[in-house]
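Participant: Mind folding the following:
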Amino acid sequence: MATDIDKFVHDQLSVWPAVAAKYRALKAAQTRQLPLGGLLATLQCNPGRVEPPESGCPLCEENYLPHQHTLPFEGRKGRKYAILVNRAPIFPNHLVITRDVHAPQTIWHRYPDMLDLSRQLGDYVVFYNSPNSGTSVPEHAHFQACPKGYMPLERTAERLLRAVRSAGGSIPPSIREDLEYVAEVRDAQLFHYRRFTRGVFFLRAETAKSMAKMFYRLLDCADLVEGETEPRFNALTFFSEGEWRSVVVLRTGTTALGLKPGAADMAGFFVIPDEELFASLDGNGLREVLETVSLSAEGEKQLLWRLVRTQPKIEVGIVSASEICFEIISDGAGPQHVGYREGKIDYNGALYDELVFEAATISTLFAEPSFILYQVPIGIGFHWERREDQRFAGSLKFIVEEGKVRAVNVIGLEDYLLSVIASEMAPTASVEFLKAHAVISRSWVMAQMARRRERKAAPLPFACDNVPSLVTWLDGKQHSSGSEDDEIIRWFDHEDHTRFDVCADDHCQRYQGLTRVIGHGAQEAIDATWGEVLTYDGKLADARFSKCCGGRTERFSTAWADEDFPYLTVQDDPWCDIHDPALLSKVLNDYDLETKDFHDWTIRYSREGLTRLLERRTGRNIGALERLEALERGGSGRIKRLKVTGTEGSYVIGKELMIRRALSETHLKSSCFDIQLTPDEVILRGHGWGHGVGLCQIGAAVMAEHGHSYREILAFYYPGTRLSRDETA
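Facilitator: Sure, this is the predicted structure:
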């Protein structure tokens, strides 16, 4: 195509005298060179670059001038382009490649077209300006192209990437100060160029598919300015020695010293329309231009971290039922069903022991939804229980569990947390609160995953060499205490799950897929804290949390095993007694907003009604209820052991959650209550919602609204812990 381009340009200029004059002027244009960041930058004085305002889009066909020629180019999936001679050139044979339809400037889905074009043009480099990065026509999608060799950064990339290719993909020692390996996707490699300015990356690949994956992964890791559709960047692409090569310069600013730097400028070829500025601009001025529009040092550091960070996978049990309706988004087959039959999974008439629908979990980025589960129950056993359709990222696995089919989501840990913090609290809550929640949710779940690995690795006792002895040993592992018939002391924890790491409901952490991830707050919180966990004495902290402590936090042993942790203390919490509807609607999800009395509440039962309720919930018949007595309370006032006395006997129940279950058709809000008995009624006056151990979600959200940072929130609720980045992240 290169020969055709030369003829095309010649023919066009022969019938367009005004533009031909601009190309002739380029030959006499003033230029000078200045050393800049390890390159020899070129300055071009080009007053003709400034064009009068257009009455319509100059890239739309209806606005072409009568003598304007076009050359067709077809991209992927039928996208059509017109190649034009640039009316305001800065290079010889300067081209514009414009879409045949009026559509906004964007690189999404169009980078493969850019690759194809660079290969067809041969000795040309194709370049692109994102909408707020130097383009003069952001309302119409287009590329530009010029012969190779004019832009200093392009020449440098060609030289360095040729050396990498000659070294079999490794960076030769002679250029390691200039080039840093970052990542690869199949045959595509990404390098960070350490000179010139911040945010410069070089890419190389033999296949367009790998090159595009690497390119979009880089862009996905870049910051997005609020209200804009893609990161601010400039890109150059060319085809050399049987491979594609690209230069990408990520940036933040748009203007500097009255200039609006585009791809050429950010590649070291500075176009200066003003003759006075051209004459006065020196190396310090050029550095000021780059410093103003380039990434900050912190921004570049964060970008590089995003590109190399990883996330372990977690298995989350979502829903268990005799039949489950699901949909794999990418296959277009619509809703499908799996069911339980003959001890196996029935799918389309075939039986499986396990059924897996794989989906890639990108280790450095947030994954997109890959499947839907229909009619998933949430809030199981609680007063706000309901069903909803949910979208999930990651892989979908079906297993057989207790005579039913269980749907399990295999997903990256950070992608899982993105949903958790948006499911536990509203994603519109303060980012500092969401950061705090990201840290504690990550700490808690990683502690559970570590314990599951330990349990799986632990050998069975030597004596368990037959089924009866194994059953006896397993019975001894139940969460209970007390050996008398009149004691019902139980608690529920992560060890109840053996086929996956955690469940999706309040028993572990709410995980309702990507349905509730609205806005950028949750992503910002996960991104800012990626891999950060709480530790105490060098070990992962068991960072428990509940909805509302009721004014005072509780110790671990009140709700779970008879052990306590120094960082899960009893202390006053002045933050959670809040009744501001506007603030609550900002931090709570819709179903939580239905509970108005989360801090102070009252429940009334008739004696006869409570007698029947207790018998139904505990399976114990002790005659008519006579008395409820708190035998033991935790530091917050939550009852740890409750004695129930009737006309025909008595029993003691505990711990915290067992008490809440026994005294409600669903769950009592907490076990922190006082008991009043009248001849006809039993009145429970209580405080808080949940077990009260660790972080109080409403209290922490209010702290953030009052300006406290996530570090301050964590220090308040988990005294003595340290914030650190987990080594597996």
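
Participant: From here on, just use CA atoms for contacts and neighbour counts.
Facilitator: Fine.

Participant: which residues of the stretch 401-550 of the chain fall in helices?
Facilitator: 413-424, 431-457, 467-475, 521-529 (DSSP state H, counting those that start in this stretch).

Participant: Pull out the buried residues from the second one.
Facilitator: This means helix 431-457. Neighbour counts using 16 or more other C-alpha atoms under 10 Å place 431-449, 452 of helix 431-457 among the buried residues.

Participant: quick revisit: which one, of the helices of the stretch 401-550 of the chain, ends up nearest to F492?
Facilitator: helix 431-457 (13.3 Å; C-alpha to C-alpha).

Participant: what is the mean pLDDT for that closest one?
Facilitator: The pLDDT scores in helix 431-457 average 85.

Participant: How about stretch 303-312?
Facilitator: Averaging pLDDT along stretch 303-312 yields 92.

Participant: got it, and stretch 159-179?
Facilitator: 97.

Participant: what's the span of that stretch, first residue to last?
Facilitator: Start-to-end span of stretch 159-179 (C-alpha to C-alpha, to the nearest Å) is 11 Å.

Participant: what about the stretch 501-650 of the chain, any weak spots by pLDDT?
Facilitator: Counting by pLDDT under 70, the stretch 501-650 of the chain has low-confidence residues at 506-507, 516-519.

Participant: quick one: the strands in it?
Facilitator: Secondary structure of the stretch 501-650 of the chain (DSSP state E, counting those that start in this stretch): strands located at 502-503, 532-536, 539-540, 545-546, 600-606, 625-633, 639-646, 649-654.

Participant: tell me the angle of the second one relative to helix 431-457?
Facilitator: Meaning strand 532-536. 70 degrees (axes from the mean of the first three to the mean of the last three C-alpha atoms, to 10 degrees).

Participant: Ok, the last one next?
Facilitator: Strand 649-654 and helix 431-457 meet at an angle of 110 degrees, taking the same axes, to 10 degrees as the criterion.

Participant: How far off centre is strand 649-654?
Facilitator: The chain centre lies 47 Å from the centre of strand 649-654; the measure is C-alpha atoms, centre = their mean, to the nearest Å.

Participant: Likewise for the longest one?
Facilitator: Relative to its parent chain, strand 625-633 has a centroid offset of 47 Å by C-alpha atoms, centre = their mean.

Participant: for it, which positions count as buried?
Facilitator: Neighbour counts over strand 625-633 (16+ other C-alpha under 10 Å) mark L625, E626, R627, L628, A630, E632, R633 as buried.

Participant: G646 is in contact with the fourth one, correct?
Facilitator: Spelled out, that is L628. No - between L628 and G646 there is no contact under C-alpha atoms under 8 Å: 9.1 Å.

Participant: Could you say which one of the strands of the stretch 501-650 of the chain comes nearest to T106?
Facilitator: Of those, nearest to T106 by C-alpha to C-alpha is strand 532-536, at 34.3 Å.

Participant: before we move on, back to that, including distance to V185, could the helices of the stretch 401-550 of the chain go into a markdown table?
Facilitator: Below are those laid out as a markdown table (distance: least, C-alpha to C-alpha, whole Å):
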| stretch | distance to V185 |
| --- | --- |
| helix 413-424 | 20 |
| helix 431-457 | 28 |
| helix 467-475 | 46 |
| helix 521-529 | 22 |
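
Participant: so which of these gets nearest G299?
Facilitator: Closest approach to G299 among the helices of the stretch 401-550 of the chain is made by helix 521-529 (11.7 Å; C-alpha to C-alpha).

Participant: and the closest one, how far out from the chain's middle?
Facilitator: From the chain centre to the centre of helix 521-529 is a distance of 7 Å (C-alpha atoms, centre = their mean).

Participant: And stretch 603-619, by the same measure?
Facilitator: Distance of stretch 603-619 from its chain centroid, counting by C-alpha atoms, centre = their mean, is 46 Å.

Participant: Need the contact partners of that stretch.
Facilitator: Stretch 603-619 has contacts (C-alpha atoms under 8 Å, 6 or more residues apart in numbering) with 620-625, 661-665, 679-685.
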